[in-house]
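**Student:** this one's structure only:
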């Protein structure tokens, strides 16, 4: 009895990396877009609150994430731009842009965690409310929004790591949009001197139908 060995088709072998590239691309885009949205949303929320003592009593103070630090929001926007730029570059450029995306995510996480315990924004407000530059806020409390911003940074970091790992499998911007590329011109069909319509078409193209 003869056994027939199945030979894998080249097209099926190439389908594996292509499918992996599409999945990683979709995951990176989802993480990047979601991470940016979460970070920007968290930066607009209240991160800390406290009170300042003035002549009339205690004065409530609050600080949003953008008051505490503008780093998470700025890095999130840069990271999203880097994710989009991945498709405009190739090879080494794509590797560098992917690394920039990962660094933006890591920086967002670090800035958000540091800002979670920061009181300088409220101290500045207390000094303005009391007219005393040495005044500080009392009964200081923090919300969970800085850690939400850190989660957004983690998503950006994940998008960057995925781009570093699978970016080589992703499509690039079409070459027809690149400068210096020209489309090959089609050669004109030969002119039949016995057909008047071919003679007129040749004249319209600026050619000599006689071939002289």
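**Tutor:** It's in. As the structure is a prediction and not an experimental result, all values here were calculated from the model.

**Student:** same question for the longest helix belonging to the chain, mean pLDDT?
**Tutor:** For the chain, the longest helix by residue count, based on DSSP state H, is helix 10-43. Mean pLDDT, helix 10-43: 80.

**Student:** Tell me the helices and strands packed up against that helix.
**Tutor:** Packed against helix 10-43 by the contact rule (3 or more CB pairs under 8 Å, 6 or more residues apart in numbering; DSSP states H and E) you find helix 65-68, helix 71-85, helix 92-115, helix 145-166. For the C-beta atoms, the positions are set from N, CA and C on the backbone; glycine is no exception.

**Student:** Of all those, which one is nearest residue 22?
**Tutor:** helix 145-166 (9.9 Å; CB to CB).

**Student:** Show me what the closest one is packed up against.
**Tutor:** Under the contact definition 3+ CB pairs under 8 Å, 6+ apart, helix 145-166 sits against helix 10-43, strand 46-54, helix 65-68, helix 71-85, helix 92-115.

**Student:** and the last one, which residues are buried?
**Tutor:** In terms of neighbour count (16 or more other CB atoms under 10 Å), helix 92-115 has its buried residues at 94-95, 97-98, 100-109, 111-112, 115.

**Student:** what mean pLDDT does that helix have?
**Tutor:** Regarding helix 92-115, the rounded mean pLDDT is 94.

**Student:** now the fourth one
**Tutor:** Per-residue pLDDT values across helix 71-85 average out to 93.

**Student:** can I assume residue 153 is in contact with residue 109?
**Tutor:** Yes: using CB atoms under 8 Å, residue 153 makes contact with residue 109 at a distance of 3.7 Å.

**Student:** Could you grab the helix/strand/coil label for residue 60?
**Tutor:** Following DSSP: H, G, I helix; E, B strand; the rest coil, we place residue 60 in the strand state.

**Student:** State the number of residues packed around it.
**Tutor:** 11 (other CB atoms under 10 Å).

**Student:** what bridges to the residue nearest to it when sequence neighbours are not counted?
**Tutor:** Leaving aside its chain neighbours, residue 60 sits nearest to residue 51 (5.6 Å; criterion: CB to CB, 6 or more residues apart in numbering). Applying DSSP bridges to residue 51 gives these bridge partners: residue 60, residue 138.

**Student:** separation between residue 51 and residue 120?
**Tutor:** Remark: distance between residue 51 and residue 120 (CB to CB, to the nearest Å) = 16 Å.

**Student:** Just send the helices and strands packed on helix 145-166 back as JSON lines, with distance to residue 157 too.
**Tutor:** Shown next, in JSON lines, are the helices and strands packed on helix 145-166 (distance: least, CB to CB, whole Å):
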{"stretch": "helix 10-43", "distance to residue 157": "8"}
{"stretch": "strand 46-54", "distance to residue 157": "21"}
{"stretch": "helix 65-68", "distance to residue 157": "19"}
{"stretch": "helix 71-85", "distance to residue 157": "9"}
{"stretch": "helix 92-115", "distance to residue 157": "3"}
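
**Student:** any idea which of the ones you listed is most buried?
**Tutor:** Stretch with highest mean neighbour count among these: helix 65-68 (a mean of 22; mean count of other CB atoms under 10 Å).
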